[in-house]
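Colleague: sequence and predicted model, in that order:
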Amino acid sequence: MTVDTSAPNKARVAMMGLLAVSIMMPVTLPVPILRELVGERFAVSELLTSLFMSINMVGAAIAAPLAGALADRIGKRRPLVIGALIVDALCFLAMALDLPFPVFMGIRFVEGCAHIFALSLLLSISASLGGENGRGFTMGVTGAGMMLGVAIGAPIGGILGREDVLRPLMVGAGLLVAASLLAAFILMEPKSTETRPGAGEIWRAIKRHRAMIAPLVFAFADRFTVGFYTTTFSLFASGLHGADPPQVGMWIAIFMLPFALLSFPFGVLADRFSKTALLCGGSTLYGVLTASLGFWPTEWIAPGMAIIGTSAAVMFVPSMLMTTDLTPPEIRSTALGAFNTAGSLGFILGPLTGGFVSDAVRASHGAAAGYQAAFGVAGVAEIVCVLVALPFLLRLRARGLTT
């Protein structure tokens, strides 16, 4: 096995950031119109509306490890990324058709499989192209592109959906087709290894490197809370604060833009500073602010969301980098697939938990109390994650396995 330690091509890395933008924009295009697209269109409850944001993550949880293991086994990522993006585009087109609700949700499940398949392999390529010394740079750019796509998707989706609730789905399909074409031109197979292990070897390698469980726990907790922002927050903003779709999209963008723009500098900082400190410090602040969100007056939401987004940026790339620290290069695709699986499981439970808690508390204490309880659960989960994981992370740091 040989490891690529050469400096990454900056132009190619920049184009991969653009590819990440085009892959992730469709994720939040429907979020500001969630109530209209799902709840009102199919006449279903808030809990079933929340399921729209969870069912694709069920697919993602299944597909992410398969994507990584398949790529590690056959040594080809580029054609898999292109094919997954085309399937994702077709799913977006299909969801705009006049369908029964179960069929609509089934297509959403397949869409989640295709999306995470492409994203997991893009992250794997990004990590490999960075070499051992520039991974923070390449993954920082890719992570920033991901978050920028999520950030700009929300306000654009709100504007598009104001007149036609299906338009965000059509635009999302077009973006994914464009992403597949871009991937065909710019992606290259990484040269981090010369040999590829079999499935049994991959599994044994994961069992030998159980320390990677630590960042996976954070991936779960972080996506669990993000699930509240992409689902419960949209319903909270429109139902309690009377925000229209463009306003909902703008508030989500205010959260995501600092997240996106600061992911790169914090990724570079993580190459020089303690990943443990960044991860735990950012997670603690993020958890405290999230827990208090339901109590804020309307005028606090915009500036508060910017601060929450900043705290999220502190911890995002360091958690991915810690995953690569704790695994050898030959199973890095599998490790990042596991990272996305843990995140997907969190995202599955986040919207469902938000919908369940808000509905249950609303029944006896009113809508405001329901949303306060929901965000309280999300924030406390993040804080508990830090308290449980910090002693273990400090031991890994003392052993020199991470920083």
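Modeller: Yep, that arrived. This structure is a prediction, so every number in the text was calculated from the model and none was measured.
Colleague: gap between Leu285 and Lys10?
Modeller: 32 Å (C-beta to C-beta, to the nearest Å). For every residue, glycine as well, the C-beta is placed using N, CA and C.
Colleague: the more surrounded of these two?
Modeller: The residue with more neighbours, out of Leu285 and Lys10, is Leu285; 19 against 12, by other C-beta atoms under 10 Å.
Colleague: where does that one fall, secondary structure wise?
Modeller: Per DSSP states H and E, Leu285 falls inside helix 275-292.
Colleague: and what of Phe185?
Modeller: Assigned by DSSP H and E, Phe185 belongs to helix 167-186.
Colleague: any idea of the mean pLDDT for that helix?
Modeller: In this model, helix 167-186 has a mean pLDDT of 95.
Colleague: list the buried residues in that helix.
Modeller: 167-173, 175-177, 179-180, 182-183, 186 (16 or more other C-beta atoms under 10 Å).
Colleague: between helix 167-186 and the helix or strand where Leu123 lies, find me the angle.
Modeller: Using DSSP H and E, Leu123 maps to helix 101-129. With axes from the mean of the first three to the mean of the last three C-alpha atoms, to 10 degrees defining the directions, helix 101-129 sits at 30 degrees from helix 167-186.
Colleague: helices and strands around the next helix or strand after helix 101-129, which ones?
Modeller: Next along the chain after helix 101-129, taking DSSP H and E as the criterion, comes helix 135-161. Judged by 3 or more C-beta pairs under 8 Å, 6 or more residues apart in numbering; DSSP states H and E, helix 135-161 is in contact with helix 10-28, helix 101-129, helix 167-186, helix 245-270, helix 298-325.
Colleague: can you give me the offset of helix 135-161 from its chain's centre?
Modeller: Relative to the chain's own centre, helix 135-161 is displaced by 10 Å; criterion: C-alpha atoms, centre = their mean, to the nearest Å.
Colleague: between the helices and strands packed on helix 135-161, which has the poorest mean confidence score?
Modeller: The weakest mean pLDDT among the helices and strands packed on helix 135-161 belongs to helix 245-270, with a mean of 83.
Colleague: and that helix, what other elements does it pack with?
Modeller: Using 3+ C-beta pairs under 8 Å, 6+ apart: helix 245-270 touches helix 135-161, helix 233-239, helix 275-292, helix 298-325.
Colleague: buried set for the first one?
Modeller: Which is helix 135-161. Of the residues in helix 135-161, 135-158, 160-161 count as buried by neighbour count, 16+ other C-beta under 10 Å.
Colleague: can you state the direction angle for that helix and helix 245-270?
Modeller: Going by the same axes, to 10 degrees, helix 135-161 makes 180 degrees with helix 245-270.
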